[in-house]
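Trainee: Provide a 3D model corresponding to the input given below.
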Amino acid sequence: RLGFAHLDTGSLYRATALRCLRAGLTPDQSTAGTPPPAAEEAMAITPEDLADPDLRQEHVGQCASVVSSCPAVRKALLDFQHAFCDNPPGGKPGAVLDGRDIGTVICPDAQVKLFVTAGVDTRALRRWKELMDAGKQVILEDVKQQMADRDSRDSGRDTAPLAAAEDAVTLDTSDMDPDESFLAAWAEVVKRMP
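Mentor: Here you go, the predicted model:
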């Protein structure tokens with residue numbers, strides 16, 4: 001509705017992780033050394049990497065959570081994210097970024113900050129349905145455990161931990177469908193836009 005450019009910053013970390021996995025590296029190998037291989041892979045990301053359908057595989061997400069805790073990887077991707085905000089692609093009038101540290105690290109001065117959340121049971125069920133619809137055979141409890149493990153890693157990391165910015169509006173979508181979630185977010189954005 002606003003015509004803004006959109007960046008799912010999690011896809012940057014997923015693309016980094018996928019590049020590492022395809023290079024035959026484990027998550028731990030990806031983040032070891034100076035510079036770590038994952039930082040080099042992060043700097044080599046292409047638009048094609050961000051469109052790769054394999055980004056949404058569960059093992060890629062788990063690796064992305066490990067890779068994203070590496071300060072050198074975060075630093076490598078920080079400039080990309082800042083450039084996207086400062087000069088949105090396609091001459092767009094603004095940018096919307098979603099990710100786990102946008103309001104606290106990437107865009108602390110953003111005009112509007114939403115911290116969109118839902119309970120782990122709700123998020124796991126949504127993810128399980130998404131995977132099942134894509135033809136993946138997964139067990140709901142496994143998805144839930146992986147999600148809880150990722151939340152714990154991301155919340156506890158030293159560099160850019162998952163946290164709501166103090167001035168963010170927290171929007172719990174546990175009891176909302178996608179349309180209701182969008183409308184609730186839109187209402188908050190409209191209140192805060194000049």
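Trainee: C-alpha only now, for contacts and for neighbours.
Mentor: Fine.
Trainee: count of residues packed around F115?
Mentor: Neighbouring residues of F115 were enumerated by other CA atoms under 10 Å; the total is 20.
Trainee: For it, which non-adjacent residue is closest in space?
Mentor: With sequence-adjacent residues excluded and distances taken as CA to CA, 6 or more residues apart in numbering, F115 is closest to T170, at 4.6 Å.
Trainee: cool, L77 as well?
Mentor: A42 (6.5 Å).
Trainee: Could you do P27 as well?
Mentor: According to CA to CA, 6+ apart, the nearest residue to P27 is C63 (5.5 Å).
Trainee: What does that neighbour show for phi and psi?
Mentor: Main-chain dihedrals, C63, degrees, to the nearest 10: phi -70, psi -40.
Trainee: Count the neighbours of it for me.
Mentor: 22.
Trainee: ok, it touching A17?
Mentor: Yes: assessed by CA atoms under 8 Å, C63 is found in contact with A17 at 5.7 Å.
Trainee: anything in contact with each of these two?
Mentor: P27 (CA atoms under 8 Å, 6 or more residues apart in numbering).
Trainee: Quick check: the residue nearest to P27 vs K191, distance?
Mentor: Distance, C63 to K191, using CA to CA, to the nearest Å: 37 Å.
Trainee: what does A164 give?
Mentor: In terms of CA to CA, A164 sits 19 Å off from K191.
Trainee: Comparing those two, which residue is more hemmed in?
Mentor: A164 (19 against 9).
Trainee: next one: phi and psi at the nearest residue to S65 once chain neighbours are set aside?
Mentor: Leaving aside its sequence neighbours, S65 sits nearest to R150 (CA to CA, 6+ apart; 6.2 Å). Main-chain dihedrals, R150, degrees, to the nearest 10: phi -60, psi -40.
Trainee: isn't R150 right next to C63, touching?
Mentor: No: using CA under 8 Å, R150 is not in contact with C63, being 9.6 Å away.
Trainee: and the end-to-end length of stretch 106-126?
Mentor: First residue to last in stretch 106-126 (CA to CA) measures 27 Å.
Trainee: Chain neighbours aside, what residue packs nearest to the most centrally placed residue in the chain?
Mentor: Nearest to the geometric centre of the chain sits G10, at 2.4 Å (CA atoms, centre = their mean). The shortest distance from G10 to any non-neighbouring residue, by CA to CA, 6+ apart, is to G99 (5.7 Å).
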